[in-house]
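# Sequence isn't available, so here's the structure alone:
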């Protein structure tokens, strides 16, 4: 096996996902440059390395060293040392700081960093905090290389290896060897199959009870990611046998063991036995119980002269409520829990404004909230009162580090007489459970939303289950108001929802169809619309006002490719713009990005209305912002979100961000944009459904443009398939209601 010792001159290519790199090495003591290929997850420009591998000859690129093992070796010259320090490998050290360190400490600098880091403060510009950061980063780099070699030997990518190390630190190798299946539970994105591959290569038996129990939990976890709170027992066992390739009796025994340990809950229903992960069972059962407690609360305050007070509201605002709106207001003022549902233009906001006005007139406090920052912002604009995200209302992240991180709960409830939630179709079972825990008897809960929208990204079918249970007062607003009838967006949204074909290209209206036959044509049309046609036609800003929403992620007109192509047009590279490559994408200053995971611990800051700095935790799936800065020295990327929150991401967290020049229709829930463009070329029938098109269309405020094939629009309107979600909330509500009556 050949050995090469030298300095990294250039990194020609690096795949951030798996660490595969092509690097040029200057052999020590010579001017000879060799090319090496292999997995170099942390190799840096200027680093001194020792490689072992086999010489090969590439057809196009010539002689290369195919690396088998490599290790970092401290540079032996001042120039090499400075280049190594300036490589970005050590957090807090860039080229300017590296030069100062070399000038001050010479060849002793690495020993100073490792063994006497307090002396770093002798260098101008380095305080104690930064000195600690440099020392910690240097120590971590040494440790993490050992972890990387261990994890990558089992096929774990660099990005996930970083997450594992961040979770387990110096205990990584020991913990993974003890129980590799813990990776599937502890690390977001690592599934059972990866953990199983590691375990099998470590010699874990195929029939190990630990393996089978981990597989069952994995199946239930995957079901939750698809929207289910539970699975029928027989379906779960069938999936387990298929996944694990073991005797069915072993999966049944493992299921019983998990139930005995209370990791799972099995509950018999009228039709079958349903199996839950314990947390989802607690959330679903608790939600049903607490909803009915609020709904049946006889201590809820009653109001006199409601009709008179409603008329006074109408006179003050020079409006006249429709019968359905009036009924919604009366029901909300008389009951502990009320649902107001309806499509666009049916007056939900007007009814809510009347409810708020009547509550305030009685001296009562109402809290307004919505699932996302964008939805909360819209609610604030529509009502003239502050609306918060539900997470902020529940004060997530303020206080101690307890597992239950919502600081508002049964011991510290929300101080309000009424809580009004908008965009309820987005609320999943865990979020409604935590909200209900924070409401005391006597608090009114008013839930508004459109039940025909796509359901929540998280598990459960909360709004639809509550409505279909028929035990909570529900007011369906169906009348489209005259001013709303002027908008073809609203007219067509209701036509689509009823299964009628939309009216396309009505003159002087706001709903357009641009017929294109193939994906390449559609892509070019989208680029023209965003870059020139719409900005020229209506003065729309390409980034802030226009949102492309695609049904799928893959393909020429899928979200992934659209983001790559639109970035080239809307935010091309420039000498003044910093960049960071991550996987197949490049993040660049000025890019429009979206948070794609709930991260309850991610810190943010913003300035309050009084100018005071506010800090908190929690950035959530669907939050949209713009990249303000990329700091290669600190290895951070800064995003300013739409709700004025500034968030600093470490490079290891970039899997939580995606470019959002184009987003999926599923990710658009709770948002509203002046202009929405939807490419419609092709797609599987299970995906291309009526409520997907309906949801996309209803996200537009001023204009909708459909681009593609007219026959696909027709097929989507005719396709009323709604994917089933396993949930027992509806039946639980009915059961508890029956017990209350008896």
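Noted; the coordinates are in hand. All figures in this text were calculated on a predicted structure; none of them were measured in a lab.
# Show me what the helix or strand in which residue 5 is found packs onto, helices and strands only.
Assigned by DSSP states H and E, residue 5 falls within strand 2-14. Counting contacts by 3 or more Cβ pairs under 8 Å, 6 or more residues apart in numbering; DSSP states H and E, strand 2-14 is packed against strand 20-27, strand 33-39, strand 48-58, strand 62-73. For the C-beta atoms, the positions are set from N, CA and C on the backbone; glycine is no exception.
# Nearest to residue 185, out of those strands?
Nearest to residue 185, of all the helices and strands packed on strand 2-14, is strand 33-39, at 26.2 Å by Cβ to Cβ.
# Can you point out the buried residues in the closest one?
Going by neighbour count (16 or more other Cβ atoms under 10 Å), the buried part of strand 33-39 is 34, 35, 36, 37, 38, 39.
# which parts of the strand holding residue 5 are buried?
Those buried within strand 2-14 under the rule 16+ other Cβ under 10 Å are 4, 6, 7, 8, 11, 14.
# ok, of the residues you listed, which one's closest to residue 288?
Out of the buried residues of strand 2-14, the one with the shortest distance to residue 288 is residue 14. That distance is 51.3 Å, counting by Cβ to Cβ.
# need the helix or strand of the chain with the lowest average pLDDT.
Counting by mean pLDDT, DSSP states H and E, the chain has its least confident helix or strand at helix 482-485, which shows a mean of 70.
# can you put the buried residues of strand 33-39 in a markdown table and add pLDDT?
A markdown table is the format used below for the buried residues of strand 33-39 (pLDDT from 0 to 100):
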| residue | pLDDT |
| --- | --- |
| 34 | 90 |
| 35 | 92 |
| 36 | 92 |
| 37 | 91 |
| 38 | 85 |
| 39 | 77 |
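# Let's have those in TSV, adding distance to residue 193.
Output for those, formatted as TSV (distance: Cβ to Cβ, whole Å):
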residue	distance to residue 193
34	37
35	34
36	31
37	27
38	25
39	20
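# give the contact list for residue 78.
Under the criterion of Cβ atoms under 8 Å, 6 or more residues apart in numbering, the neighbours of residue 78 are 102, 106, 107.
# circling back: tell me, which of the helices and strands packed on strand 2-14 is the model least confident about?
For the helices and strands packed on strand 2-14, mean pLDDT drops lowest on strand 62-73, to a mean of 80.
# hang on, the earlier thing: what is the mean pLDDT for the strand holding residue 5?
84.
# Are we agreed that residue 368 is in a strand?
Yes - per DSSP: H, G, I helix; E, B strand; the rest coil, residue 368 lies within a strand segment.
# mind listing what it touches?
In this structure, residue 368 makes contact with 356, 376, 379, 380, 383, 385, 386, 387, 388, 420, 422, judged by Cβ under 8 Å, 6+ apart.
# is it in a bridge, and if so with what?
Applying DSSP bridges to residue 368 yields these beta-bridge partners: residue 387, residue 420.
# ok, how many other residues are close to the residue nearest to residue 280 when sequence neighbours are not counted?
The shortest distance from residue 280 to any residue that is not its chain neighbour, by Cβ to Cβ, 6 or more residues apart in numbering, is 4.6 Å, and that residue is residue 229. Summarising burial for residue 229: neighbours were counted as other Cβ atoms under 10 Å, giving 30.
# was I right about residue 229 contacting residue 728?
Yes - checked against Cβ atoms under 8 Å, the pair residue 229 and residue 728 is within contact range at 7.3 Å.
# Residues in contact with both of these two, list them for me.
Shared contacts of residue 229 and residue 728, defined by Cβ under 8 Å, 6+ apart, comprise residue 284.
# circling back: mind picking the two most distant members of the buried residues of strand 33-39?
With distances taken as Cβ to Cβ, the most widely separated pair in the buried residues of strand 33-39 is 34 and 39, at 17.4 Å.
# Do you know the pLDDT at residue 655?
The pLDDT attached to residue 655 in the predicted structure is 86.
# again with residue 149
68.
# Wait, a strand at residue 633?
No - counting by three-state DSSP, residue 633 is located in no strand; its state is coil.
# Okay, the residue nearest to residue 280 and residue 727: tell me how far apart.
Applying Cβ to Cβ, to the nearest Å, the value for residue 229 to residue 727 is 5 Å.
# Need the residues touching each of those two.
Listed as contacting both residue 229 and residue 727 by Cβ under 8 Å, 6+ apart are 284, 429, 459, 460.
# As TSV, those with secondary structure and neighbour count would be great.
As requested, those are arranged in TSV below (DSSP: H, G, I helix; E, B strand; the rest coil; neighbours: other Cβ atoms under 10 Å):
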residue	secondary structure	neighbour count
284	helix	28
429	helix	26
459	coil	27
460	coil	28
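# Need the max-distance pair from these.
284 and 459 (8.9 Å).
# intersection of neighbour lists for the two?
Common contacts of residue 284 and residue 459 (Cβ under 8 Å, 6+ apart): 229, 429, 727.
# Between those, which sits nearest residue 589?
Sorting the shared contacts of residue 284 and residue 459 by distance to residue 589 puts residue 429 at the head of the list, at 39.0 Å, by Cβ to Cβ.
# From residue 268, how far out is that closest one?
From residue 429 across to residue 268, the span is 20 Å (Cβ to Cβ).
# returning to that earlier point: could you dump the contacts of residue 78 to a markdown table with distance to residue 574, pLDDT and neighbour count?
Conversion of the contacts of residue 78 to a markdown table gives the following (distance: Cβ to Cβ, whole Å; pLDDT from 0 to 100; neighbours: other Cβ atoms under 10 Å):
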| residue | distance to residue 574 | pLDDT | neighbour count |
| --- | --- | --- | --- |
| 102 | 32 | 90 | 18 |
| 106 | 38 | 89 | 11 |
| 107 | 39 | 84 | 14 |
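# Wait, residue 457 touches residue 428, no?
Yes - contact status for residue 457 versus residue 428: in contact at 7.1 Å, counting by Cβ under 8 Å.
# Any regions of the stretch 251-400 of the chain where pLDDT drops low?
Where the stretch 251-400 of the chain drops to pLDDT under 70, the residues are 397-400.
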